[in-house]
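Asker: Structural data only, the sequence is not supplied:
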């Protein structure tokens, strides 16, 4: 940090290059081993044993991302960890899901940015193209239906759907499955 409180330009360049390489090159590599190695070492993500982040997943920042054991992030998801993103164990995130932790304050005259963490409990299932907005906590065992827009917390073992997402049902509370799933070239 410089005396004026700003980051040196070279640090920003390194940070942007790391993110560019991650999203445009590394995420396209077939086979999870190399991607996961890059994510752990260079992106500083905490990836649990047996978890799988599939190809073409995009990230908004290095660090602040924890994915629990046996969780699966399918292809073409966007994970924003600027505000902190915690994904529990045995979570199934379907293709093209977006999870945001940062936005802008609509009431701000200066269009100020803000960050709020997202927490996703164990054994949550998030359907294709769902969107989870900043500050949301998704309780254990919940199910987010495809294309749902989650704007507020979801209670454990509930099923939500729609825009904005509303409760439409419940899931059984004795879930014991593991989502450990890896494809050789995904």
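Answerer: Nice, I can see it. Because the structure is a prediction, the values reported are computed rather than measured.

Asker: Could you pull out the buried residues of stretch 149-160?
Answerer: 149-150, 154, 156-160 (16 or more other Cβ atoms under 10 Å). C-beta coordinates here come from the backbone N, C-alpha and C atoms, glycine included.

Asker: Out of the residues you listed, list just those in strands.
Answerer: Here DSSP state E is the test, and the buried residues of stretch 149-160 give 149-150, 158-160 as lying in strands.

Asker: Tell me the one of those residues nearest residue 135?
Answerer: Among those, residue 150 lies closest to residue 135 (Cβ to Cβ), at 10.4 Å.

Asker: Identify the residues contacting the closest one.
Answerer: Residues counted as contacts of residue 150 (Cβ atoms under 8 Å, 6 or more residues apart in numbering) are 130-133, 136, 138, 144, 160, 164-165.

Asker: Select, from the residues you listed, the two members most distant in space.
Answerer: Maximum distance among the contacts of residue 150 (Cβ to Cβ): 14.0 Å, for 138 and 164.

Asker: Which one of those two is surrounded by more residues?
Answerer: Set residue 138 next to residue 164 and count neighbours by other Cβ atoms under 10 Å: residue 138 wins out with 27 against 12.

Asker: and the gap between the more buried one and residue 147?
Answerer: 16 Å (Cβ to Cβ, to the nearest Å).

Asker: Likewise for residue 30?
Answerer: Counting by Cβ to Cβ - residue 30 and residue 147 are separated by 28 Å.
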